[in-house]
Structures are given as C-alpha cells and as structure tokens.
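Engineer: Output the structure for:
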Amino acid sequence: MTTDPPLPDTEQDVITAFLDALWMERGLADNTLSAYGNDLRGFAGWLATDGRSGLLGADRADVMAYLAARVSMGSSRRSSARLLSSLRRFYRYQLRQGAIPVDPTARVESPKPDRPLPEALTEAEVERLLNAPDAASLIGQRDRCMLEVLYATGLRVSELVHLRMDQVNRQQGVVRVTGKGGKERLVPLGESALDALSDYLQTVRPHLARGTRDAAVFITRRGVGMTRQAFWYRIRDHARTAGITKPLSPHTLRHSFATHLLNHGADLRVVQLLLGHTDLSTTQVYTHVARARLQALHAEHHPRG
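Structural biologist: Residues are numbered from 1 along each chain as shown. All right, here's what the predicted structure looks like:
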C-alpha cells in the first residue's frame with residue numbers, strides 16, 4: 001500500500017494558518033475544517049508531485065488541470081464543485097492577506113450539478129394511466145382526453161391547460177403551442193389523441209361549457225379553464241387508480257413521451273423540436289433514459305443478457 005508523500009512544512013503551515021483563521025472568523029465545525037484541509041492538502045500534493053509551484057504560486061491553469069485530473073479519476077460534478085469552493089475560499093483569503101497578487105480561481109467556472117435523469121413511465125404504465133379515468137362521466141372523459149393529448153404531444157402541463165380553441169387544427173391534426181419565451185411550435189396529435197380530442201369537443205365540452213365563452217380547450221364543471229395545479233391533482237388521483245406507485249411529477253408524461261419516442265428510434269433533433277427545447281443538450285438527457293431502458297430490457301429478455 002502506497003501513501004502520499006508528506007507535504008513540505010511551508011505548505012502545511014499555509015494550510016494550518018488558513019484553517020485557524022477560518023475557525024476564528026466563522027467558528028466552523030471540525031468536520032468542515034477537516035474537509036477544507038483535505039481538499040487543500042490534496043491540491044498541494046498534486047502540485048508537488050507534478051513539479052508545479054506550491055499553493056501560493058499556483059495559477060488558473062494549475063486549478064483547471066487539477067479539476068480535470070480529478071474528473072478523469074471519476075470525481076463527480078458535485079465533488080468537483082465542492083473542491084473548487086474550498087480552493088476559492090482559500091485563495092480569496094490569501095488575496096485579502098496580500099499573500100498573492102491574483103486569485104487563480106477567479107475565472108474558473110463551477111461545474112454545473114449533475115442533472116438527475118427524469119422519471120418516465122413504462123408503456124404499460126401509460127396505458128393503465130390513460131384507462132384510469134371514469135369513461136362514464138363527463139369529467140372522466142375530459143381527463144382521459146387530456147392525458148391522451150399530453151402523452152401524444154409531450155406538452156408541458158401548463159401548455160396543455162392554457163391551450164385555446166384557436167390553437168387546435170383538427171383537419172391537419174396538429175396543435176399550435178406557445179411555449180417558454182413565447183415561442184410557438186406545431187405539434188402533431190396522432191390518431192388516438194385526435195380521436196379523443198374530437199369526441200371531447202363534440203360531446204363533452206358543450207355540456208361543461210353551459211353557454212360560457214371561455215377560450216380554453218379544457219374546462220371545468222363551471223365552464224372555465226383549468227389551472228395547472230388542479231390538473232396535476234387529477235393526474236395523481238388517476239395514477240393511484242392505475243396502481244402506479246413510482247414518484248410522479250407534472251412532467252412525467254412529457255418525460256415518457258420523449259423516452260418512448262427515442263426507444264422506438266426517433267431522431268433526437270425531432271424530439272427536440274416536439275418538446276420545444278432551444279438547446280439540444282437539454283434533450284440529450286433523454287438519450288440516457290432510453291439507453292438505460294434498452295439495457296434493462298436486453299438484460300431481462302435476451303438469453304445471454
């Protein structure tokens with residue numbers, strides 16, 4: 001078993017002086033001070049092993065190279081961000097003390113936190129959710145239509161509840177959606193959602209409207225548009241009825257829409273357009289979900305999985 005070489009006394013003295021000052025100024029807990037010390041000793045040890053200047057002689061390139069080295073060894077973004085925070089605090093203190101002329105961390109961007117993978121329903125779970133509303137009631141038929149449209153289009157719940165009658169084109173089978181930043185996009189409905197929407201508009205909505213002139217496509221018993229929160233409560237109720245126990249969010253069907261499209265071979269840029277993402281990197285998170293799902297299916301069903 002190998003051990004890291006001891007730090008030069010000058011480096012250890014600089015770290016100890018900083019930790020003492022931090023304790024005097026902030027009264028931080030021992031565990032917190034220990035974490036700062038470990039981060040600084042790790043950086044100082046790397047600098048020494050790599051033949052670079054010590055802590056007070058390090059520059060921005062040294063900081064960047066160390067962070068890159070840590071990432072190459074498997075360090076997470078969260079861990080890298082915490083490490084950079086320790087270095088920032090150390091170098092800001094040294095700058096105030098006049099020990100260094102420039103803070104080497106000043107122009108180093110903190111790594112963005114790892115983006116959690118969105119939770120998606122399986123296709124079987126989506127089918128159970130779509131069938132959960134009571135088809136014998138007007139509200140049940142409305143909810144079934146809303147779920148069908150939500151899953152078929154990948155709309156945000158807020159986009160769905162704010163959908164107006166003049167944004168629906170049943171002849172072309174599309175809806176014109178106003179998304180974030182006021183940007184519009186055309187989204188196809190698909191046969192099942194279009195049939196459900198046509199039935200709702202012809203046989204359900206007139207009864208709910210009761211002569212009101214609200215422009216919203218989906219309305220309540222009072223004939224007015226629904227709120228995002230109200231429909232989210234409806235989704236949760238129907239999920240319980242369907243026996244779905246995994247955590248849900250208002251975006252669950254949107255996540256499922258994107259994941260299932262990719263599972264069936266859709267192009268990532270097409271999914272980007274349908275979701276209304278400005279940046280393709282926002283859509284790319286779904287490729288991880290789809291890949292993980294395909295790997296699980298392979299492991300479950302392939303004889304040598």
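Engineer: and the protein, what are its domains?
Structural biologist: 9-96, 123-301 (automatic domain parsing).
Engineer: Can you give me the first-to-last residue distance of the shortest one?
Structural biologist: Just to be clear, that refers to domain 9-96. End-to-end span of domain 9-96 (CA to CA, to the nearest Å): 22 Å.
Engineer: Okay, helices next: where are they in the chain?
Structural biologist: Applying DSSP state H to the chain gives helices spanning 9-26, 30-49, 60-72, 77-96, 123-130, 138-153, 157-161, 191-199, 205-209, 228-241, 252-263, 268-275, 280-301.
Engineer: okay, those helices in TSV with distance to E184 next?
Structural biologist: In this view, the C-beta of every residue, glycine as well, is placed from N, C-alpha and C. Output for these, formatted as TSV (distance: least, CB to CB, whole Å):
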stretch	distance to E184
helix 9-26	51
helix 30-49	48
helix 60-72	40
helix 77-96	34
helix 123-130	27
helix 138-153	14
helix 157-161	11
helix 191-199	19
helix 205-209	23
helix 228-241	19
helix 252-263	18
helix 268-275	12
helix 280-301	18
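Engineer: for the ones you listed, which one sits closest to K180?
Structural biologist: For the helices of the chain, the distance to K180 is smallest for helix 157-161, at 9.1 Å, taking CB to CB.
Engineer: Packing partners of the closest one?
Structural biologist: Helices and strands touching helix 157-161, by 3 or more CB pairs under 8 Å, 6 or more residues apart in numbering; DSSP states H and E, are helix 138-153, helix 228-241.
Engineer: Give the burial count for the closest residue to R142 other than its chain neighbours, as a bare number.
Structural biologist: The shortest distance from R142 to any non-neighbouring residue, by CB to CB, 6 or more residues apart in numbering, is to V204 (5.6 Å). With neighbours defined by other CB atoms under 10 Å, the count for V204 comes to 20.
Engineer: What of A132?
Structural biologist: For A132, the count of nearby residues is 21 (other CB under 10 Å).
Engineer: So it versus R70, what's the distance?
Structural biologist: Note on A132: its distance to R70, by CB to CB, to the nearest Å, is 48 Å.
Engineer: Please apply the same query to R89.
Structural biologist: From R89 across to R70, the span is 18 Å (CB to CB).
Engineer: before we move on, what about E127?
Structural biologist: 45 Å.
Engineer: re the thing from before, so which of the helices and strands packed on helix 157-161 comes closest to S256?
Structural biologist: Once the helices and strands packed on helix 157-161 are compared by CB to CB, helix 138-153 is nearest, at 6.6 Å.
Engineer: Could you pull out the buried residues of the closest one?
Structural biologist: For helix 138-153, burial by neighbour count (16 or more other CB atoms under 10 Å) applies to 140-153.
Engineer: In TSV, list those along with pLDDT.
Structural biologist: Output for the buried residues of helix 138-153, formatted as TSV (pLDDT from 0 to 100):
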residue	pLDDT
G140	95
Q141	96
R142	96
D143	96
R144	96
C145	96
M146	96
L147	95
E148	95
V149	94
L150	93
Y151	92
A152	91
T153	91
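Engineer: Which members of the residues you listed are the farthest-apart pair?
Structural biologist: Distance extremes for these: the farthest pair is G140 and T153 at 20.6 Å, using CB to CB.
Engineer: follow-up on the earlier one: for the buried residues of helix 138-153, which one is nearest V161?
Structural biologist: M146 (8.4 Å).
Engineer: Could you list which residues are in contact with that closest one?
Structural biologist: Contact analysis of M146 by CB atoms under 8 Å, 6 or more residues apart in numbering lists L160, F218, F231, R234.
Engineer: circling back to that earlier point, looking at the helices of the chain, which one has the lowest mean pLDDT?
Structural biologist: Across the helices of the chain, helix 280-301 has the smallest mean pLDDT, namely a mean of 61.
Engineer: about what we covered before: and V108, which of the domains of the chain is closest to it?
Structural biologist: V108 lies closest to domain 9-96 among the domains of the chain, at 5.4 Å (CB to CB).
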